[in-house]
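Q: take this sequence and fold it.
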Amino acid sequence: MGTTQLESVPEPKYWHLRTVLSEALDSEFAVGQVLPNERDLAARFGVARATLRQALEQLELEGRLQRRRGVGTTVAPPRVGVAVGSAELGWPGAPGDAWQAEESDRATAPAAVAELLGIAKDEPVHIVRRTRVTGGQPVAADLVHIPASSVPDLTAIDAPAGPARARAVLRELRRTEFEGQDRSVELGSARADDARALDRLPGAPVLVVTTRYFGAGGTAAVSLATYRADTCRLTFGADGVEIHHTPERQAS
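A: Okay, the predicted model is just below:
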């Protein structure tokens, strides 16, 4: 069989370096151990720092490395378990919900969210901020976008701010009969707010889970949940999508 055009394309330098680094992580480094700085690594492997950065970013994307504020780049632990499957079917904030409500604001939603909600781009919505914590570590941040039409009696609630207000907004949403939900998952980069909430650097890889909640014959709310891609992995099974996570270990 002849060589195809794809097979004849040389392997990018960063990808070859990624393979070499991956083998080094397995044989020379322990989970949680801090890697040498970029200058030393580039000198060791005889590559430009730009090539090294590409390889490190790829390994971070694959969950082999973590970049931690004030620490540096460390070897990541294996990815294991936080479910986001059928067990979470229902309104956000329902009993047994793993999320913690933090606050609620009124602001315009991103254009893509407004389109999913079927509202004008300049129409203010309630935005409930939530976090998800596992083993004392934040693993996800969530923004639940709720149009005023989904919570018509909200103005009568005496909870002006903070977690109490956030819980009150979600409680009002649950007064609507739940008619179902759908989810989509995509890879993204952490925005400044998400990075701060997840103790990551801006631009770090994340998994964005978009959930549409249906009620009253339409889309009653849209959630944008941002999960840390360095410690989470997806599995697909009979119960739907699951995101698995393991807490970070402290460097020794």
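Q: show me where pLDDT drops low in this protein?
A: 1-10, 78-88, 156-159, 230-252 (pLDDT under 70).
Q: show me where it has strands.
A: Here the chain has its strands, by DSSP state E, at 65-68, 72-75, 99-108, 124-134, 137-147, 178-189, 205-215, 218-228, 232-237, 240-245.
Q: what about Ala42, neighbour count?
A: Neighbours of Ala42 under the rule other Cβ atoms under 10 Å: 18. Every C-beta, even on glycine, is put in place using the N, C-alpha and C of the backbone.
Q: out of the strands of the chain, flag the one nearest Gly162.
A: Minimum separation from Gly162 across the strands of the chain (Cβ to Cβ) falls at strand 99-108, 5.8 Å.
Q: now that closest one and strand 124-134, what's the angle there?
A: 160 degrees (axes from the mean of the first three to the mean of the last three Cα atoms, to 10 degrees).
Q: strand 99-108: which residues count as buried?
A: In terms of neighbour count (16 or more other Cβ atoms under 10 Å), strand 99-108 has its buried residues at Trp99, Ala101, Glu102, Ser104, Thr108.
Q: quick one: the strands of the chain as JSON lines, columns for distance to Asn37 too.
A: JSON lines is the format used below for the strands of the chain (distance: least, Cβ to Cβ, whole Å):
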{"stretch": "strand 65-68", "distance to Asn37": "13"}
{"stretch": "strand 72-75", "distance to Asn37": "7"}
{"stretch": "strand 99-108", "distance to Asn37": "36"}
{"stretch": "strand 124-134", "distance to Asn37": "30"}
{"stretch": "strand 137-147", "distance to Asn37": "25"}
{"stretch": "strand 178-189", "distance to Asn37": "23"}
{"stretch": "strand 205-215", "distance to Asn37": "21"}
{"stretch": "strand 218-228", "distance to Asn37": "23"}
{"stretch": "strand 232-237", "distance to Asn37": "27"}
{"stretch": "strand 240-245", "distance to Asn37": "28"}
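Q: closest one to Leu52 among those strands?
A: Leu52 lies closest to strand 72-75 among these, at 10.7 Å (Cβ to Cβ).
Q: convert the C-alpha atoms of that closest one to CSV, please.
A: Only the C-alpha atoms of strand 72-75 are listed here, as CSV (Å, rounded to 0.1, in the frame of the first residue of the first chain):
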residue,chain,number,x,y,z
GLY,A,72,3.7,26.5,38.8
THR,A,73,3.1,23.6,36.6
THR,A,74,2.5,20.3,38.4
VAL,A,75,1.8,16.7,37.4
